[in-house]
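K.L.:
structure for this input, please:
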Amino acid sequence: MALSDLSSHSISVIDDLLNPYFLHHSDNPGISLLSQPLTGENYVTWSRAMRIALSVKKKLRFIDGSITQPNNSDPHLLAAWFCNNNVVISWILNSVSKEISASILFSDIAVEIWQDLHERFQQSNDPRIFELRRALFKHTQDQNFVAVYFTKLKTLWDELSNFRPACTCGKYSCGGVKSLESFHHQEHIIMFLLGLNDSFSQIRRQLLLMDPFPLINKIFALVSQE
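P.N.:
Here you go, the predicted structure:
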């Protein structure tokens, strides 16, 4: 292959918008993808936010293992991989605390850094699940507006859902998953209604008689109208 062909190949890989090796001029290593860095206790929310940010940048495949280091037969592709890999490493370093950053600074592969962080901080699930469930049981409307009360509840539910086991069928369409979703939906509605002030007792009784329950957002809307 002629040198001009190699050069053309390299340019097409880096400049092709649909190619995972594409780097926009704004994709510099100095930016921080998240406003809240990883401190350890916030790993679940941090990792989800980081995955979303990397997917927007089309770099998610550099941490999930689906893009591995190419061999030396294509030097331009190898150079593009190193460039992308190092940019992703920089983004991770910029999105963790200084203490955590120091522990991964000398790692060379983005996917290995990601796996390391997962193994270190995902193991502390049980204490966080305990804290979330305790917060849910203790959370009531009290002096808050219904919207404030509901928003806090939903934040706790969403974080807790990240700790639930993933579907083993891989399609999220099996009967077990649908039954669990229905159960959690009912659980959320009952918890929301239980935490409301007594001034909502009438609408609460009416909603509890509904069969089947409407969606939780519909329940919230009906209560808010009161």
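
K.L.:
tell me the domain ranges of the protein?
P.N.:
Following automatic domain parsing, one gets these domains for the chain: 3-123, 139-225.

K.L.:
apart from its neighbours in sequence, what residue is nearest the most centrally placed residue in the chain?
P.N.:
Nearest residue to the geometric centre of the chain (C-alpha atoms, centre = their mean): residue 48, 1.5 Å. Spatial nearest neighbour of residue 48, excluding adjacent residues (C-beta to C-beta, 6 or more residues apart in numbering): residue 162 at 6.4 Å. Glycine gets a C-beta too; all of them are placed from N, C-alpha and C.

K.L.:
confidence score at that neighbour?
P.N.:
At residue 162, the model reports a pLDDT of 75.

K.L.:
ok, residue 212 next?
P.N.:
At residue 212, the pLDDT recorded in the model is 86.

K.L.:
which strand or helix spans it?
P.N.:
Following DSSP states H and E, one finds residue 212 outside all helices and strands.

K.L.:
quick check: the gap between it and residue 188.
P.N.:
Distance, residue 212 to residue 188, using C-beta to C-beta, to the nearest Å: 14 Å.

K.L.:
those two - which one has more neighbours?
P.N.:
Neighbours per residue (other C-beta atoms under 10 Å) separate residue 212 from residue 188, with residue 188 holding more: 17 against 7.

K.L.:
buried deepest among the domains of the chain, which one?
P.N.:
When you average the neighbours per residue for each of the domains of the chain (mean count of other C-beta atoms under 10 Å), domain 3-123 leads with a mean of 15.
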